[in-house]
Structure formats: C-alpha cells, structure tokens
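*Asks:* Generate coordinates for the sequence data below:
(one chain, ligands or ions: 1)
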Amino acid sequence: MSTSFPTGIHLFLTYKCSMECDHCFVYASPRAKGTFTLDQIKAVLDELVKIGTIEWVYFEGGEPFLFYSLMLEGIRLAHKMGFKTGIVTNAYWATSGEAAERWLSPLCDLGLADLSISDDRLHYGEERDPPAKIALAAAEKLGMPVGSICIERPEIDTEKTDRKGEPVMGGGALLKGRAVEKLMDGLPGRNYDEFTECTGEKLRNPGRVHIDPYGFVHLCQGLVIGNMFEIPLSTLIMNYDAESHPICGPLLKGGPALLAEKYGVKHDEKYVSACHLCYTVRRSLLDKFPEYLAPRQVYGLD
Ligand code: SF4
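*Replies:* Numbering: from 1, shown residues only. Reported below is the predicted structural model:
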C-alpha cells in the first residue's frame, strides 16, 4: 500500500487540442478523441472526498478551453466541495487583450487559484506577440494567480555533465509520447543499461495523478494504476502498491533497463534518456498489460 496519498488530481478534461505539438506526451491534436462528461467529473469529485488528502484539482488536456462551459462547471463544483483549482492552457483563445479578459473573468470570479500558460517556442515558434503573452497580461490585469510553463526542444546542455562526465540534456521536453517521433534528430544516445532509474515521477508515493476521459488513472502518461470506471478511484488510490505493480515494480528496482530485461523486450543498444527507453519498452508491452498501459492513443496508436 502507498504510504502517502496524492494531494493533487489533474483531469485530462479532453485529449482534443487546438494544436498538435511535437513534444506532446499524450498525442493531443484537433482530431484526438476522448472528452469528460459532466457526470464523469462529478463522479471523480465525489471520489476525491473519500480519498481525503486531495487539495488541488487541475483541468488540463489537450486544451481544456475547447470545452469551456464544461470546464467552468467542473471548476464551480470543485470549489463548492472545497478544492483549490487550476488550469493548464495554451491560451489559443487569447486573440486580443479584450477577448482574453472576457474568457478569464468568469474564472476569476470563481476564485481560480492557478492559471498555468504554455508560453514557449514549441507552442508558438518565433511569434512576436503570441496568445500566451496576451493571456498572461490579461490575467495579471485581472489580478489572477498566473504563471507560464516554458518547455524547449531537448538539446545537449554543454554547461552541464552528469556523474560519468557525459553531457546532460537540457530544454525540458521529455522524450515520451509524440516527442519520440519528432524531437530525436541529432540527440546523442547512451547504452541502454545505464538507464537504471526513473527520475521523472515519484512512482512509490505520487504527489499527483492524472485521470483521463476513459477513466484511466495515470502515474506517468500511459502508465496507469487502473480504471476508475471499473474500480472506484478511492479504492484504486488506497490499494496502490508500487512494488507489486507489474510496470512500476521493475522501474523502481532497476529503471527502464530492468523493465526491458524482465519482460524480454527487444531493444536497441542506445537511447537518449530514461524516458525514451521506458516509453519505447512500455509501447512494446501494451498487449501484455492492457490494464496498466493505456490508452493506446497516448502511444500514438488508435
Ligand atoms: S522513466 Fe518512465 S515512468 Fe519515469 S518519468 Fe520517464 S517515462 Fe515516466
């Protein structure tokens, strides 16, 4: 059993997005399927009360503003139940300062506690006055708690080296999801057996989990505890035991290298990062562990 329960829940309100970014972990796009219904949001919120440790509920995606009235109602309900709420958005809707204020005012009135805006070149290229900047200015004008998320292309950070003297990757984009198809060019590989730990997620005691519109409860994108439409969320969280989870167990013991070895997954000699190897191995194991590696669309498969 997990020794501490999460304090944050992030809803992938929808997998649909106004954009189709190269670094997207969940293959969001304008064509992606899967959006929460209001009844499903209510079911999640009811379960959060039973867990008892949850303070924050985030609405993200995909792009949650594509389902604005649903998001607004979800936030209203979450507030009524005593949760703090946040949103992660690419701010595509901020077509002018005036428009941005119109979108944001109702959220401000509801007491949104955090607005996180993706503001980087992976989203907006070299655009001089991107919607993200317009939205940031509008939120500040309204006095909302706002911050930006800036993820850049993965690249070699020549200033830094790791314990073995190898250069480390900078930029912040992790090599999982669509990034594995799109952002690999020119990146140096390392021997697969060097990747002996997951440093990206607290798999033993996750501080937050993501829930998607199909009910899957994610520890990392596509790595799930189970499905809350089959087993109540509170039961899944309270019964979660990282060591006995067929994917988290090996990851905790010996990282993605051990995961590949344990299940005899054929692999290349070199990978760019632990996430690159982990994601690639997990994709090979989808058919073996459909209840723990899902949904297939976050692996780029329909
Ligand atoms: S190593 Fe695997 S589980 Fe850990 S953060 Fe990377 S992709 Fe996620």
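*Asks:* Flag the helix or strand of the chain with the lowest per-element mean pLDDT.
*Replies:* With mean pLDDT, DSSP states H and E as the measure, the helix or strand of the chain carrying the lowest mean pLDDT is strand 167-170 (a mean of 56).
*Asks:* Near the closest residue to the ligand within the chain, how many other residues are there?
*Replies:* Distances between the chain and the ligand by C-beta to the nearest ligand atom are smallest at G200, namely 2.6 Å. Quick note: C-beta positions are derived from backbone N, CA and C, even for glycine. Counted with other C-beta atoms under 10 Å, the neighbours of G200 add up to 13.
*Asks:* Kindly report the residues of the chain close to the ligand.
*Replies:* Taking C-beta under 6 Å from any ligand atom as the criterion, the neighbours of the ligand within the chain are K176, C198, G200, E201, C220, L223, L251, P256, A274, C275, C278, Y279.
*Asks:* among these, which are in strands?
*Replies:* Within the residues of the chain next to the ligand, residues falling in strands by DSSP state E are C220, L223.
*Asks:* and the residues of the chain next to the ligand as CSV, adding pLDDT?
*Replies:* Conversion of the residues of the chain next to the ligand to CSV gives the following (pLDDT from 0 to 100):
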residue, pLDDT
K176, 79
C198, 95
G200, 90
E201, 93
C220, 96
L223, 98
L251, 98
P256, 97
A274, 93
C275, 92
C278, 96
Y279, 94
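*Asks:* ok so, going back, what separates the residue of the chain closest to the ligand from C248, distance-wise?
*Replies:* Noted for G200: a distance of 13 Å to C248, by C-beta to C-beta, to the nearest Å.
*Asks:* likewise E140?
*Replies:* Looking at E140 against C248, where the rule is C-beta to C-beta, the gap reads 40 Å.
*Asks:* who has more neighbours, those two?
*Replies:* C248 (24 against 11).
*Asks:* Any idea how far the helix or strand containing S116 is from the middle of the chain?
*Replies:* Take DSSP states H and E as the rule and S116 turns out to sit in strand 114-118. From the chain centre to the centre of strand 114-118 is a distance of 14 Å (C-alpha atoms, centre = their mean, to the nearest Å).
*Asks:* before we move on, back to that, verify the contact between the residue of the chain closest to the ligand and S273 for me.
*Replies:* No. Under the contact definition of C-beta atoms under 8 Å, G200 does not touch S273, with a separation of 9.0 Å.
*Asks:* where exactly do the strands run in the stretch 1-150 of the chain?
*Replies:* Counting by DSSP state E, counting those that start in this stretch, the stretch 1-150 of the chain forms strands over residues 8-12, 56-60, 84-89, 114-118, 146-149, given from the N-terminal end onward.
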